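Colleague: Predicted model follows, preceded by the sequence.
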Amino acid sequence: MTNDTIKSARERMKKALGHTTDLLRGIRTSRASSALVDNIRVDYYGTSTPLNQVAQVSVPEPRTLVIKPFDMSAIKDIEKALQKSDLGIAPSNDGKVVILNLPPLSGDQREKYVAKAKEICEEGRVTLRNLRRDANKDADHRLKAKDITEDVCHDLHDDVQELLKEFEGHVAELFDKKSKEILEV
C-alpha cells in the first residue's frame, strides 16, 4: 500500500520533469533547433494548430530553420505566426518554404535566456515540492485512517523526500546543460 504512494509520486514527478524539459527546449540557444518553434500555433483555417502539424521543420545549418508547409496556402499564416511569436526573428518566405536565420546571440540576450531557463527550472522545483506535499498528505491521511503505523508513515515521508532530492537533481542537471548550450559561442 505504501508502494502505491511512492509509485504515484514518482510518476507525477516524471511528468513534471518532462514538462520542465519541454519548456526548456523552447528557449533559444546558439544553435538552431526545431524545438524553438514547437510551441508556436498557426491560425490554420480558423483553428489554432501547432506549427509541426501544418509544416515540416528542418535544421539544414546550425543557424537556420526551414519550415516547409504541407499545404502551400498556409505559408502566409505560418509566417504571420512566426512574426507574432517571441522568437524575435523575422521570417523570410521564398514561396515554397519559410526560412528563419538565427542571428548570433549577444551577451545580454544570453544572460536573459539563462535567467529564463533558471525561472523555468525553479517553477519545476516548486511543482516537485507540491507533489511531495501531496504524497506526504496521503501518508498522513492513511495514518489517521489507521491503514499504516506511525513508523511506516515516517518511512514514507523519508522515501518521498529522497524521491524529491532525486528529481531536483535532474532539474539541476537540465539547467546546467541548458545554460551551457545558451552560453556556448
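Modeller: Here it is on my side, so go on.
Colleague: got a list of contacts for stretch 156-172?
Modeller: With Cβ atoms under 8 Å, 6 or more residues apart in numbering as the contact definition, stretch 156-172 has outside contacts at 2, 5-6, 9-10, 13-14, 16-17, 20, 121, 124-125, 128-129, 131-132, 135-136, 139, 148. The way it works is simple: take the backbone N, C-alpha and C, and place the C-beta from them, glycine included.
Colleague: Just the buried ones among those, please.
Modeller: For these, a burial check counting by 16 or more other Cβ atoms under 10 Å picks out 2, 5-6, 9-10, 13, 16-17, 20, 121, 124-125, 128, 131-132, 135-136, 139, 148.
Colleague: For the residue of the chain most remote from its centre, what are phi and psi?
Modeller: Distance to the chain centre peaks in the chain at residue 146, reaching 40.0 Å (criterion: Cα atoms, centre = their mean). Per-residue torsions, residue 146: phi 60, psi 30 (degrees, to the nearest 10).
Colleague: Report the buried residues of the helix of greatest length in the chain.
Modeller: Counting residues, the longest helix found in the chain (DSSP state H) is helix 107-144. Neighbour-count burial for helix 107-144 flags 110, 113-114, 116-117, 120-121, 124-125, 127-128, 131-132, 135-136, 138-139, 142-143 (criterion: 16+ other Cβ under 10 Å).
Colleague: Which secondary structure elements does it sit against?
Modeller: helix 2-25, helix 150-183 (3 or more Cβ pairs under 8 Å, 6 or more residues apart in numbering; DSSP states H and E).
Colleague: Show me how the record splits this protein into domains.
Modeller: 2-25+106-183, 34-101 (automatic domain parsing).
Colleague: Adding mean pLDDT, write those domains out as JSON lines.
Modeller: Below are the domains of the chain laid out as JSON lines (pLDDT from 0 to 100):
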{"stretch": "domain 2-25+106-183", "mean pLDDT": "92"}
{"stretch": "domain 34-101", "mean pLDDT": "83"}
